[in-house]
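K.L.:
just need the structure, nothing else, for what follows:
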Amino acid sequence: MPQLANLVLTDRAATPVNHTFTPLDIQSGVGVVVESTGVPIGDRRFSVSLNKTSQNRYKPSIRLTIPVVQDATVNGVTKPTVVRTAYADLTFNFDSSSTEQERKDVVGMLQSALDSAKWVNDVAVKLQGVY
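P.N.:
Residues are numbered from 1 along each chain as shown. Sure, this is the predicted structure:
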């Protein structure tokens with residue numbers, strides 16, 4: 001069983017930046033790591049969980065939450081405010097009889113689909129529809 005630990009994720013900036021997410025908490029089987037901005041509402045969050053359904057299926061879930069925070073001044077008082085948030089949700093669904101290799105193949109194919117050179121990237125990043 002993996003232990004909640006630091007997680008380094010690299011973005012796609014012109015000069016890629018490593019973002020280090022550090023453990024925050026585990027509640028109800030959901031492990032959360034954060035990249036702290038110093039202001040909790042602006043923390044970037046990565047969570048992971050594993051559920052087992054009543055149909056004996058395993059459902060690993062991953063969620064990345066990236067808020068954008070700006071200072072807002074109201075009546076002379078400045079405070080950080082979330083102006084928008086990006087979410088990425090990923091849920092797998094595996095039969096209890098699936099093999100580790102089958103699960104590895106599904107994860108690998110999905111990882112491959114998100115490669116920046118593939119058209120799936122243009123849907124997610126450039127917000128272009130398929131035709």
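
K.L.:
could you use CA atoms for every contact and neighbour count after this?
P.N.:
Noted.

K.L.:
mind giving me the packing neighbours of the least confident helix or strand in the chain by mean pLDDT?
P.N.:
Lowest by mean pLDDT, DSSP states H and E among the helices and strands of the chain is helix 119-124, with a mean of 88. Using 3 or more CA pairs under 8 Å, 6 or more residues apart in numbering; DSSP states H and E, no helix or strand is in contact with helix 119-124.

K.L.:
now the helices for the chain?
P.N.:
For the chain, applying DSSP state H gives helices covering 100-113, 119-124.

K.L.:
by mean pLDDT, show me the worst of those.
P.N.:
In terms of average pLDDT, helix 119-124 trails the rest of the helices of the chain, at a mean of 88.

K.L.:
ok, residues contacting it?
P.N.:
The contact list for helix 119-124, computed with CA atoms under 8 Å, 6 or more residues apart in numbering, reads 113-116, 128-130.

K.L.:
ok, back up a step: pick the most deeply packed of the helices of the chain.
P.N.:
Most buried of the helices of the chain, by mean neighbour count (mean count of other CA atoms under 10 Å): helix 119-124, with a mean of 14.
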